[in-house]
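Student: sequence and predicted structure, then a few things I'm wondering about:
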Amino acid sequence: MPSINAISGWGMAAAAAASAVVAGNGFDTPNPPPPLPQEDIMGEPKPIEIPADVMAKLSGIAPEKVALIKQGRTGRYVEKDALFGRIRTMPATELAAYIDAIAALHAQVEFQEGRDARTIPLDTRSAWFNAWKAKRPLVMDPRRDAGPMDLGRYIGGRRGGFATFAGAPVAMTPEDLKAGKVDVAIVGAPLDMGSGWRNAIDGPRALRMTGGAGGNDMYAMINPGSVLEIVDYGDIAIDQNSTERSVAHVREMVREIARTGAIPIVIGGDHSLEYPNVAAAADVHGKGNVSVVHFDSHYDVGRNGVHWITHGSPVYRVLHEGHVRPQDYIQVGLRARGPDLETFGWMRNKGMRYHTMVEVEKHGWDKVMDRAIAEARQNAKKLWISFDVDVLDPAFMPGTGTPVPGGLTMREAQPIMRRLCAENDIAGIDIVEVAPYLDTSYKTALNSNYLLNACLTGIAMRKKGLPPRYWNPVSSEHGQDAYYGPKKKS
């Protein structure tokens, strides 16, 4: 009986390569990452001074329980002035029970060796341990020439067939990207485990099924698909039971795209993805060569949580592992309840740059973005744009898990993204936290696609050598007279 190699026409080299793919490659980031340095551990209780009359009431309480109060550890459960007030007014029998309850709560909350599991065990005996991310060997597919594949069935109209990002052809392998000289590979990453709100898993599906990413941009009068080779690179496999396992594979796949010279645009999925995306960019372009502009209503520098990676902590993990320098991390649009003054101080001491909506209110978008872009270009050659859709006002992005009022409008966001991509050497982009089931309309997916189109237009403008703030005179000036006076230089 002839071998599968003989039947398919593939050689031993291809079979060996397929075996390597099935076996999987190692992930070179520590898991979990190294412990936090002391200066990064914030929110630790601070010792408090107990008033004399309160200490007198505590005279019958066990010394170790009084020590909890002195160390400030009870502040997690009851504010100190409220605690002092209760101690002053409680009868001795009630007071003992009250302090015992606080001490018991403290014992439950903190990690205890021998009682609490340090790690979440996986069954390594499972024959399917890596099946979720094992790529099908090429020898199992019909032979074809490498290159993008157009899945449209018809010549005109909306080109029925299979829905893809921006109506683009499909690519499946790095060889396809290289053979097609692909400029931009858009890939879905339906990670849903790093967010408390579910449904970011449907973000890639919603953007594929909703229009707006492809076609002409009236500002520049450019159809990105006519200037750039754009492909849909499918979805990255996700283990929805483990964010840690998922982000490891996302990093491998984003790195795979970037190594071909194509710009990866990752459609999420929750914002945990920023960590593997930026780490992959640093893998390819070198640490210190990538800066990040992070659009978000939240600062995402969580440190002291139980999990090493969630959608509230990707920025810290990128910084902690040294993929990007703090001074090359620029945050834009912050306006949520955090960070507090202590965290703002920590960010400033680290050298991070941030631009809140308060700053925008005071100085306007043009000045703030001029400053943010100058900061992004100061030290690094490449720029990664991480765009959490909740940076927009919920009026424009209702379908996201953690909306915050007072954000950007689409009229502000589109020129900002177009300009960023036209003015910088883009390492990659992610658009995350689209949760379409939280939106009773289709505006979240529609607006996200228009932002994607603005990014593609900006990249196309840069390829054509157009200035970042270029407006086509036909659409901006009527093109027939000098009604608005002498034209300003772009």
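Tutor: All right, it came through fine. Numbering: from 1, shown residues only.

Student: what ranges do the strands span in this structure?
Tutor: 184-189, 230-235, 263-268, 290-295, 329-334, 353-356, 382-388, 426-432 (DSSP state E).

Student: can you list the ones you listed in a markdown table and add mean neighbour count and mean pLDDT?
Tutor: In this view, the C-beta of every residue, glycine as well, is placed from N, C-alpha and C. Below are the strands of the chain laid out as a markdown table (neighbours: other C-beta atoms under 10 Å; pLDDT from 0 to 100):
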| stretch | mean neighbour count | mean pLDDT |
| --- | --- | --- |
| strand 184-189 | 28 | 98 |
| strand 230-235 | 24 | 98 |
| strand 263-268 | 28 | 98 |
| strand 290-295 | 28 | 98 |
| strand 329-334 | 26 | 98 |
| strand 353-356 | 20 | 98 |
| strand 382-388 | 26 | 98 |
| strand 426-432 | 27 | 98 |
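
Student: make TSV out of these and add distance to residue 305.
Tutor: Converted to TSV, those look like this (distance: least, C-beta to C-beta, whole Å):
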stretch	distance to residue 305
strand 184-189	22
strand 230-235	27
strand 263-268	20
strand 290-295	18
strand 329-334	19
strand 353-356	20
strand 382-388	18
strand 426-432	19
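
Student: right, and the ones you listed - which one's nearest residue 173?
Tutor: Closest to residue 173 of the strands of the chain, according to C-beta to C-beta: strand 230-235, at 9.3 Å.

Student: what packs against that closest one?
Tutor: With contacts taken as 3 or more C-beta pairs under 8 Å, 6 or more residues apart in numbering; DSSP states H and E, strand 230-235 sits against helix 174-179, strand 184-189.

Student: among these, which is nearest residue 289?
Tutor: Nearest of the helices and strands packed on strand 230-235 to residue 289, taken as C-beta to C-beta: strand 184-189 at 19.8 Å.

Student: tell me the strands beside the closest one, with direction?
Tutor: Its sheet considered, strand 184-189 pairs with strand 230-235 (parallel), strand 263-268 (parallel) by DSSP bridges.

Student: the last one to strand 382-388, inter-axis angle?
Tutor: Orientation check (axes from the mean of the first three to the mean of the last three C-alpha atoms, to 10 degrees): strand 263-268 against strand 382-388 gives 20 degrees.

Student: quick check: angle from strand 263-268 to strand 426-432?
Tutor: Between strand 263-268 and strand 426-432, the angle comes out at 10 degrees (the same axes, to 10 degrees).

Student: any idea which helix or strand of this protein has the worst average confidence?
Tutor: Within the chain, no helix or strand scores below helix 4-8, which has a mean of 35 by mean pLDDT, DSSP states H and E.

Student: I'd like the strands paired with strand 184-189 as a markdown table, with distance to residue 175 appended.
Tutor: Below are the strands paired with strand 184-189 laid out as a markdown table (distance: least, C-beta to C-beta, whole Å):
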| stretch | distance to residue 175 |
| --- | --- |
| strand 230-235 | 12 |
| strand 263-268 | 16 |
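
Student: mind checking which of those is nearest residue 74?
Tutor: For the strands paired with strand 184-189, proximity to residue 74 was assessed by C-beta to C-beta; strand 263-268 is nearest, at 39.5 Å.

Student: how about the CA coordinates for that closest one, as CSV?
Tutor: Taking Å, rounded to 0.1, in the frame of the first residue of the first chain, the C-alpha atoms of strand 263-268 are listed here in CSV:
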residue,chain,number,x,y,z
ILE,A,263,1.2,43.6,9.9
PRO,A,264,-0.9,41.5,12.3
ILE,A,265,-4.3,43.0,13.2
VAL,A,266,-5.9,41.0,16.0
ILE,A,267,-9.6,41.1,16.5
GLY,A,268,-10.6,40.1,20.0
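
Student: ranges for the helices of the stretch 101-250 of the chain?
Tutor: In the stretch 101-250 of the chain, the helices defined using DSSP state H, counting those that start in this stretch lie at 174-179, 203-209, 224-227, 243-258.

Student: mind putting those helices into TSV with mean pLDDT, mean neighbour count and distance to residue 384?
Tutor: Shown next, in TSV, are those (pLDDT from 0 to 100; neighbours: other C-beta atoms under 10 Å; distance: least, C-beta to C-beta, whole Å):
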stretch	mean pLDDT	mean neighbour count	distance to residue 384
helix 174-179	98	18	19
helix 203-209	97	22	19
helix 224-227	97	19	19
helix 243-258	97	24	10
